[in-house]
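Trainee: Give me a model of this one.
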Amino acid sequence: MKRSASSGLTLVELLTVVAILGIVLAVAAPSLADMMNKRRVEMIAAELSSDFAYARAEGGLRSRPVSLLFASDAQTSCYVVHVLGAIGFCNCLNAAGSECPPPPANQVFLKAARVNASRGVSLVPSRGMPSITFWPPHATLGADVNTSVAVIGNRGYRLEARLNSLGRVLVCDPNGSMGGSYKRCPAE
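Mentor: Modelled structure (predicted):
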């Protein structure tokens with residue numbers, strides 16, 4: 001008597017595969033979340049570093065100071081890059097397109113960057129400084145010398161974007177959380 005070949009899976013085989021996949025996913029999920037949080041911290045630190053350089057360049061080109069103004073609430077960490085005006089303040093927590101007050105405030109909006117808290121990353125300026133300003137004519141930092149902004153991930157990753165007295169940016173790892181992929185921050 002000929003036996004017919006079965007081309008399907010039995011219920012036991014299918015449940016075994018599902019159980020193995022569940023175990024693999026349970027083991028891989030935390031490391032995937034860590035990797036994503038680390039990458040987000042790196043990307044936001046790179047953008048912040050670039051925006052520091054942009055503000056410094058604009059500060060050297062204009063006859064008025066250029067500032068990065070930081071703010072945060074429960075949902076968002078953000079900053080707005082703008083040319084300082086006579087009255088009023090820009091606020092990155094305002095809706096897109098309304099970050100700076102309308103004329104005659106004389107503020108010039110250049111850029112806003114927002115980090116949603118649901119992404120697991122926040123921005124924390126050093127010493128509680130709400131702004132960093134580049135002063136004309138040479139785009140120097142004035143009182144903001146040797147300041148930094150920490151980019152902090154909710155899974156323990158942390159980078160700092162530091163500005164020296166000349167306005168140059170150093171992105172560094174203050175506590176070794178990035179596993180050696182960045183230089184350690186020098187002692188202040």
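Trainee: contacts and neighbour counts: CA atoms only from here.
Mentor: Noted.
Trainee: Please enumerate the helices of this protein.
Mentor: Applying DSSP state H to the chain gives helices spanning 11-61.
Trainee: what residues are up against the most centrally placed residue in it?
Mentor: By Cα atoms, centre = their mean, the chain has its centre lying nearest to I44, at 2.8 Å. By Cα atoms under 8 Å, 6 or more residues apart in numbering, the contact set of I44 is V151.
Trainee: Same check on D173?
Mentor: Contacts of D173 (Cα under 8 Å, 6+ apart): 158-160, 182-185.
Trainee: Need the buried ones from the residues you listed selected in PyMOL.
Mentor: Restricted to buried positions by 16 or more other Cα atoms under 10 Å, the PyMOL selection for those reads:
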select buried, resi 158+159+160+184+185
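Trainee: what about M129, distance to L68?
Mentor: 10 Å (Cα to Cα, to the nearest Å).
Trainee: again, but for N175
Mentor: Counting by Cα to Cα, the gap from N175 to L68 is 25 Å.
Trainee: Then A74?
Mentor: Applying Cα to Cα to A74 and L68 gives a distance of 20 Å.
Trainee: Which of those two has more residues huddled nearby?
Mentor: L68 (25 against 8; other Cα atoms under 10 Å).
Trainee: For the more buried one, which non-adjacent residue is closest in space?
Mentor: Once flanking residues are discounted, L68 sits nearest to V81: 4.5 Å by Cα to Cα, 6 or more residues apart in numbering.
Trainee: partner residues bridging the one you found?
Mentor: L68, K111 (DSSP bridges).
Trainee: ok, the closest residue to C100 other than its chain neighbours - how many residues close by?
Mentor: Leaving aside its chain neighbours, C100 sits nearest to C90 (4.1 Å; criterion: Cα to Cα, 6+ apart). C90 is flanked by 28 other residues according to other Cα under 10 Å.
Trainee: And A86, by the same measure?
Mentor: Per other Cα under 10 Å, the neighbour tally for A86 reads 9.
Trainee: ok, now M35?
Mentor: So M35, with other Cα under 10 Å, has 13 neighbours.
Trainee: One more: L163?
Mentor: 22.
Trainee: hmm, back to that, distance check, the residue nearest to the centre of the chain against G59.
Mentor: Distance, I44 to G59, by Cα to Cα: 22 Å.
Trainee: For the closest residue to E160 other than its chain neighbours, which residues are in contact?
Mentor: Distances taken as Cα to Cα, 6+ apart put A150 closest to E160, at 4.4 Å, once the chain neighbours are dropped. When contacts are counted by Cα under 8 Å, 6+ apart, A150 touches 123-126, 158-161.
Trainee: so who does the residue nearest to L68 touch?
Mentor: V81 neighbours (Cα under 8 Å, 6+ apart): 51, 55, 66-69, 109-112.
Trainee: that older thread, go through the contacts of A150 and say which is closest to I20.
Mentor: R158 (34.4 Å; Cα to Cα).
Trainee: Was I right to think that closest one contacts V171?
Mentor: No. The criterion here is Cα atoms under 8 Å, and R158 misses it with V171 at 10.5 Å.
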